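Undergrad: missing the sequence, but the structure's below:
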């Protein structure tokens, strides 16, 4: 396998590493806001994987120009899925942050172990 | 050349993600997350996903950051035990990372035109968008018409999340609170943000409207336009204070946008049924089916834009208006 072929997998490796960075933040950090940041990173990694799959060599964004023949287009379907997922992602993130704000007001802290001690 | 650039961007992405996790200061982490989103948007653009890049840049780098900062102001901006590493956690994610990387060798490499994902549905969409809709942007066609049910669901998720945030933050905090002083809010006394910001706001909103109404022809559509217009109004709120922004667009208008947008989308579907088609089958809206598709898509994109813009602004105001509990 030559170098160029190996680089074809580079996007997927970055996906794996960023996914695991996000997962580590969610399971190892005790601060609730940091956990939500980790969740956003995890989510972004999944977006990257989907968008990586849509690429076609020599292709362009799927916007069909009239009068131009023999164009190759990238796959529009993963793009549609991820486009809506990004907006839904920010809404659910806001919901998580709202709950964190209420936890802070009730417990005076957003560190998970201190909340468990207070219970 | 593009491959080298892409490798460079992806490496920066990993470095930024590591920095976000390592820093103990949550303010720094949120700012780095904004850079992470911008890099991600650049990556999406390199991978031919112009619509997604626009969304990620407006939502990820813009609005997410503002909502995070609003939450930080109400909680804490410093992590207490940031430096303690969890050995078990590290072990688990390292094993997982190695397993995922090992499994990627079975995947088709980047850009392989024979990959299974390109064989099944995508060619049909690319072939039939000019036939059924007669406009260039296939992403908009799939989003608004071919997969209209899906998008309707997403709009209702945004709607539900907005209602949830308003419920959770609508209750007064109780105990002693620090009421926010409006004289000090915003960047009223900072000359450079004032001048530059005031100049930018009309252009941001104008660009939002362009993206809304040009979504069939170029990258864009309701989701991006809603986020962009919300960004413009949030910039106004940051510059002039929250009260001024609420004066410009009062809360009832915001709620009207959220509810009206979701309702508009649903009622277009019902209108199609009343005119003899099935739910969200826009072809029946006009005697010419192509025109019908185009009218339907313009209407539901308007609904999406209204709902997203209203929801994001309502969420922003819910965080920004909440008094800080002492």
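TA: Yep, that arrived. Only a predicted model underlies this, so the values are computations on that prediction, with no experimental measurement involved.
Undergrad: how about stretch B:145-163, does it get close to chain A?
TA: Yes - using C-beta under 8 Å from any C-beta of the partner chain, we find that stretch B:145-163 touches chain A at B:147, B:150, B:151, B:154, B:157, B:158, B:161, B:162. Every C-beta, even on glycine, is put in place using the N, C-alpha and C of the backbone.
Undergrad: which residues touch that stretch?
TA: A:80, A:84-85, A:87-88, A:91-92, A:94-95, B:125, B:132-133, B:143-144, B:258-259, B:261-262, B:265-266, B:269, B:279-280, B:282, B:293, B:296-297, B:300, B:303-304, B:307-308, B:310-311, B:314-315 (C-beta atoms under 8 Å, 6 or more residues apart in numbering or on different chains).
Undergrad: one more time with 7 Å, if that's ok
TA: Contacting residues not belonging to stretch B:145-163 are listed as A:80, A:84, A:87-88, A:91-92, A:94-95, B:125, B:133, B:143-144, B:258, B:262, B:265-266, B:280, B:282, B:293, B:296-297, B:300, B:304, B:307-308, B:311, B:314-315 [C-beta atoms under 7 Å, 6 or more residues apart in numbering or on different chains].
Undergrad: and it, which residues are buried?
TA: Across stretch B:145-163, burial judged by 16 or more other C-beta atoms under 10 Å in any protein chain shown covers B:145-148, B:151-152, B:154-155, B:157-159, B:161-163.
Undergrad: cool, stretch B:18-32 as well?
TA: Neighbour-count burial for stretch B:18-32 flags B:20, B:21, B:23, B:26, B:29, B:30, B:31, B:32 (criterion: 16+ other C-beta under 10 Å).
Undergrad: give the rounded mean pLDDT of it.
TA: Across stretch B:18-32, pLDDT averages out at 93.
Undergrad: can it be said to contact chain A?
TA: Yes - shown here: stretch B:18-32 in contact with chain A (C-beta under 7 Å from any C-beta of the partner chain) through B:18, B:20, B:21, B:26, B:29.
Undergrad: in a markdown table: the residues you listed, plus secondary structure.
TA: Formatted as a markdown table, the residues of stretch B:18-32 next to chain A follow (DSSP: H, G, I helix; E, B strand; the rest coil):
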| residue | secondary structure |
| --- | --- |
| B:18 | helix |
| B:20 | helix |
| B:21 | helix |
| B:26 | helix |
| B:29 | helix |
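Undergrad: and those residues, which two are the farthest apart?
TA: Maximum pairwise distance in the residues of stretch B:18-32 next to chain A, criterion C-beta to C-beta, is 16.2 Å, between B:18 and B:26.
Undergrad: hmm, which helix or strand of chain A has the shakiest average pLDDT?
TA: helix A:3-7 (a mean of 79; mean pLDDT, DSSP states H and E).
Undergrad: what comes up buried for the following helix or strand past it?
TA: Using DSSP states H and E, the helix or strand that follows helix A:3-7 in sequence is helix A:10-28. Neighbour-count burial for helix A:10-28 flags A:10-26, A:28 (criterion: 16+ other C-beta under 10 Å).
Undergrad: would you map the helices across the stretch 1-150 of chain B?
TA: Per DSSP state H, counting those that start in this stretch, the stretch 1-150 of chain B carries helices over the ranges B:2-22, B:26-46, B:50-55, B:64-74, B:87-104, B:122-132, B:138-141, B:148-170.
Undergrad: now chain A
TA: Under the criterion DSSP state H, chain A carries helices at the ranges A:3-7, A:10-28, A:32-54, A:76-107, A:112-118.
Undergrad: say whether chain B is contacted by the fourth one.
TA: Yes - contact check for helix A:76-107 against chain B, using C-beta under 7 Å from any C-beta: residues in range are A:76-77, A:79-80, A:82-84, A:86-88, A:90-95, A:97-102, A:104-105.
Undergrad: could you list the low-pLDDT ranges of chain B?
TA: Scanning chain B for pLDDT under 70 picks out B:82-83, B:179-186.
Undergrad: which single residue in it comes nearest to chain A?
TA: Going by C-beta to the nearest C-beta, chain A is nearest to residue B:109 of chain B, at 3.0 Å.
Undergrad: report pLDDT for the nearest residue to that residue once chain neighbours are set aside.
TA: What sits nearest to residue B:109 in space, not counting adjacent residues and going by C-beta to C-beta, 6 or more residues apart in numbering or on different chains, is residue A:8, at 3.0 Å. For residue A:8, the model assigns a pLDDT of 83.
Undergrad: where does chain A dip in pLDDT?
TA: Applying pLDDT under 70 to chain A flags residues A:1.
Undergrad: got a list of what the spatially most central residue of it touches?
TA: The residue lying closest to the centre of chain A (C-alpha atoms, centre = their mean) is residue A:44, at 1.3 Å. Contact analysis of residue A:44 by C-beta under 7 Å, 6+ apart lists A:18, B:40.
Undergrad: from residue B:87, how far off is the residue minimising distance to the centre of chain B?
TA: In chain B, the residue lying closest to the centroid (C-alpha atoms, centre = their mean) is residue B:59, at 3.6 Å. Here the criterion is C-beta to C-beta, to the nearest Å. By it, residue B:59 lies 36 Å from residue B:87.
Undergrad: circling back: tell me how far the least confident helix or strand of chain A lies from the chain's centre.
TA: Remark: helix A:3-7 is offset 25 Å from the chain centroid, using C-alpha atoms, centre = their mean, to the nearest Å.
Undergrad: does stretch B:191-211 reach chain A?
TA: No - judged by C-beta under 7 Å from any C-beta, stretch B:191-211 makes no contact with chain A; its nearest approach is 12.6 Å.
Undergrad: just the buried positions in that stretch, please.
TA: Across stretch B:191-211, burial judged by 16+ other C-beta under 10 Å covers B:193, B:197, B:200, B:201, B:204, B:205, B:207, B:208, B:211.
Undergrad: where does chain A get nearest to chain B, which residue?
TA: For chain A, C-beta to the nearest C-beta, closest residue to chain B: residue A:8, 3.0 Å.
Undergrad: circling back to that earlier point, what number of residues lie near the residue of chain B closest to chain A?
TA: Using other C-beta atoms under 10 Å in any protein chain shown, residue B:109 has 19 other residues around it.
Undergrad: so who does it touch?
TA: A:5, A:8, A:9.
Undergrad: among the residues you listed, which ones are buried?
TA: Buried subset of the contacts of residue B:109 (neighbour count, 16+ other C-beta under 10 Å): A:8, A:9.
Undergrad: distance to residue B:234 for the contacts of residue B:109 - can I get that in TSV?
TA: Output for these, formatted as TSV (distance: C-beta to C-beta, whole Å):
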residue	distance to residue B:234
A:5	45
A:8	40
A:9	39
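Undergrad: closest one of the contacts of residue B:109 to residue B:36?
TA: Distance to residue B:36, by C-beta to C-beta, is smallest for residue A:9 among the contacts of residue B:109, at 21.8 Å.
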